[in-house]
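Undergrad: make a model of this:
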Amino acid sequence: MAENQKEKVYWTLLNHGLWKLNIAATDKGLCYVGSPNAPLEELTEWVSKHIPNNELIEDKNAMKPYESELIDYLDGRRKEFAEPLDLRGTEFQQTVWAELLKVPFGKAATYTEIAERINRPDAVRAVGTAIGANPVLITVPCHRMFGKRGEWRGYRGGLKMKEQLLEIEKM
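TA: Presented below is the predicted three-dimensional model:
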């Protein structure tokens, strides 16, 4: 990409039943799924921080494949996502998110298990922080994560959203 050329970030508001989520993608893949009913500023702030040289473009057509997959999941017709992801974060965050993607539909994991799986058993808190920074709710399934004794922890989309997602997965 030329130095002065801005990276295109396409976005739309997924508005489906109870669900109102701002979603965004680059030419590489889905990069952001927002919190329910969050203002557009949540998305614009994230994009400004993680893709500073951006051109934010509202484009329902560009976002249709991602929107369709998310709607199919929310309606209980999809258990896995096939569209590409463009995850923006530190190397450690990327490692944690890659491990989250391995947790299957309808299953749960703990922060401790994720830390052990990435060979960083001493980094449980850092794993929790990385999970909390996950920019792609639902698709990168941080809603499937729990504390060591199965207790619920915070969730960027709110605990009500987490509960709704777990209900979809019958957990």
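Undergrad: which SSE is immediately downstream of the longest strand along the chain?
TA: In the chain, with assignment by DSSP state E, the single longest strand is strand 7-16. Downstream of strand 7-16, the next assigned helix or strand under DSSP states H and E is strand 19-25.
Undergrad: list the helices and strands that next one packs on?
TA: On a contact count with 3 or more C-beta pairs under 8 Å, 6 or more residues apart in numbering; DSSP states H and E, strand 19-25 meets strand 7-16, strand 30-33, helix 40-50, helix 60-74. To be clear about C-beta, it is placed using only N, CA and C from the backbone, and glycine gets the same treatment.
Undergrad: closest one to residue 107 among the ones you listed?
TA: helix 60-74 (15.2 Å; C-beta to C-beta).
Undergrad: pull out the buried positions in that closest one.
TA: 62, 63, 66, 67, 69, 70, 73, 74 (16 or more other C-beta atoms under 10 Å).
Undergrad: the inter-axis angle of the longest strand of the chain versus strand 19-25?
TA: In terms of direction (axes from the mean of the first three to the mean of the last three C-alpha atoms, to 10 degrees), strand 7-16 departs from strand 19-25 by 160 degrees.
Undergrad: how far off centre is strand 7-16?
TA: How far strand 7-16 lies from its chain's middle: 14 Å, per C-alpha atoms, centre = their mean, to the nearest Å.
Undergrad: the domain parsing of this structure - what is it?
TA: If you go by automatic domain parsing, the domain ranges for the chain are 7-74, 91-168.
Undergrad: for the residue nearest in space to the middle of the chain, which non-adjacent residue is closest in space?
TA: Taking C-alpha atoms, centre = their mean, the centroid of the chain lies closest to residue 136, which sits 1.6 Å from it. Counting by C-beta to C-beta, 6 or more residues apart in numbering, residue 33 is the residue found nearest to residue 136 once chain neighbours are left out, at 5.0 Å.
Undergrad: that neighbour and residue 67: what is the separation?
TA: Distance, residue 33 to residue 67, using C-beta to C-beta, to the nearest Å: 10 Å.
Undergrad: overlap of the contact sets of these two?
TA: residue 23 (C-beta atoms under 8 Å, 6 or more residues apart in numbering).
Undergrad: now do the same end-to-end measure for stretch 84-91.
TA: 18 Å (C-alpha to C-alpha, to the nearest Å).
Undergrad: can you check stretch 110-124 too?
TA: Stretch 110-124: ends 9 Å apart by C-alpha to C-alpha.
Undergrad: which SSE is immediately downstream of the helix or strand containing residue 112?
TA: Secondary structure assignment for residue 112, by DSSP H and E: helix 111-117. Once helix 111-117 ends, the next helix or strand along the chain (criterion: DSSP H and E) is helix 124-132.
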